[in-house]
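> whatever this is, show me its structure:
(one chain, ligands or ions: 2)
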Amino acid sequence: MTKTALITGATSGIGEATAYEFAKQGINLILCGRRLERLNTIHKALERLTNVHILNFDIRNKKETFEAIESIPSKFKNIDILINNAGNAHGLDPINEGDTDDWDAMMDINVKGLLYVSKAIIPQMTEQKSGHIINIGSSAGKEVYPKGNVYCASKHAVLAITEGMRIDLNPYGIKVGSINPGMVETEFSQVRFKGDAIADNVYKGFKALQAKDIAEIIYFAVSRPPHVNIADLLVFPTAQANSVTVKKEF
Ligand code: NDP
Ligand code: 8X3
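Ligands and ions are numbered 1, 2, ... in the order given. So this is what the prediction gives:
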């Protein structure tokens, strides 16, 4: 039976690559993000391969989030797969110099936004007694690195929420897992450094993971047989050993 997936943060990076990977596999798609133009472009590119519905909302906004998910047309209403991917780092500063707007953004988007989207979708999964939720965490959710403080906290929270979901949704046969990448070359650093030139150097001197690498892993996770749940997966580029050890060659 054809499955339907809702992907947050589908306008770039890992979310966009996952949309392409899922479309190739014929999975129906609900694609979410704030940048409407990008959603329209991706919609156009993928509608030849599968059914696509776009939802344009900010996951920081609780009301917008619930209304957007409520508005999903009946053809897409049965969501089998939820990919909680939307998120970013904002800033890289020692805790004593951190910007409270950055802290708000990371906790609001990476943690609370993920919870709002999940809250809106889980009831139909519990009713159907099936479903699959994948939360995109990070190596930063397993290890704190210098100046990573609040971003690392938000991703540690994603891991705790994933484990809590897996326990609480266990009676309903719902799979819950997290995929935790190390450095992936996306718009992530442009957002973190607010377009500053420093972002251009983050992935220089080594081969970082690409969004497609993570998308393929996400598809692997959702295509396992019913009795198999990838609960927690950590993936680094070969050049990276942990958050601070990266073999660079110039
Ligand atoms: P990108 O910046 O390329 O993508 C981030 C996505 O999140 C965009 O589609 C963006 O869409 C969406 N998003 C951000 N804020 C909001 C918001 N308030 N409301 C709705 N959507 C939002 O980065 P990545 O693809 O790298 O990041 C995807 C996930 O992977 C994040 O959770 C990130 O923390 C995680 N990750 C990334 C790593 C990396 O090194 N790149 C490593 C480990 C984890 P739009 O702006 O259109 O709303
Ligand atoms: C992103 C990984 O190490 O760039 O989650 O913060 S890192």
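
> in the sheet, who's paired with the residue nearest to residue 36 when sequence neighbours are not counted?
Among residues not flanking residue 36 along the chain, residue 56 sits closest, at 4.7 Å (Cβ to Cβ, 6 or more residues apart in numbering). Where C-beta positions appear, they are placed from N, C-alpha and C, glycine not excepted. Beta bridges link residue 56 to residue 33, judged by DSSP bridges.

> let me see the contact set for residue 56.
Neighbour list for residue 56: 32, 33, 34, 36, 39, 68 [criterion: Cβ atoms under 8 Å, 6 or more residues apart in numbering].

> report the contact partners of the fifth one.
Okay, so that is residue 39. By Cβ under 8 Å, 6+ apart, residue 39 lies in contact with 10, 11, 31, 32, 33, 54, 55, 56.

> and it, what helix or strand is that in?
Assessed by DSSP states H and E, residue 39 sits inside helix 36-46.

> do the last one as well
Applying DSSP H and E as the criterion places residue 68 in helix 62-70.

> quick one: distance of that helix to the chain centre.
18 Å (Cα atoms, centre = their mean, to the nearest Å).

> so what's residue 162 closest to, chain neighbours aside?
Nearest residue to residue 162 in three dimensions, chain neighbours excluded: residue 178, at 4.2 Å (Cβ to Cβ, 6+ apart).

> list phi and psi for that neighbour.
phi -130, psi 140 (degrees, to the nearest 10).

> near ligand 1, which residues of this structure?
8-15, 33-35, 58-60, 85-88, 109, 113, 136, 138, 181, 183-184, 186-188, 191, 211 (Cβ under 6 Å from any ligand atom).

> no more questions from me, cheers.
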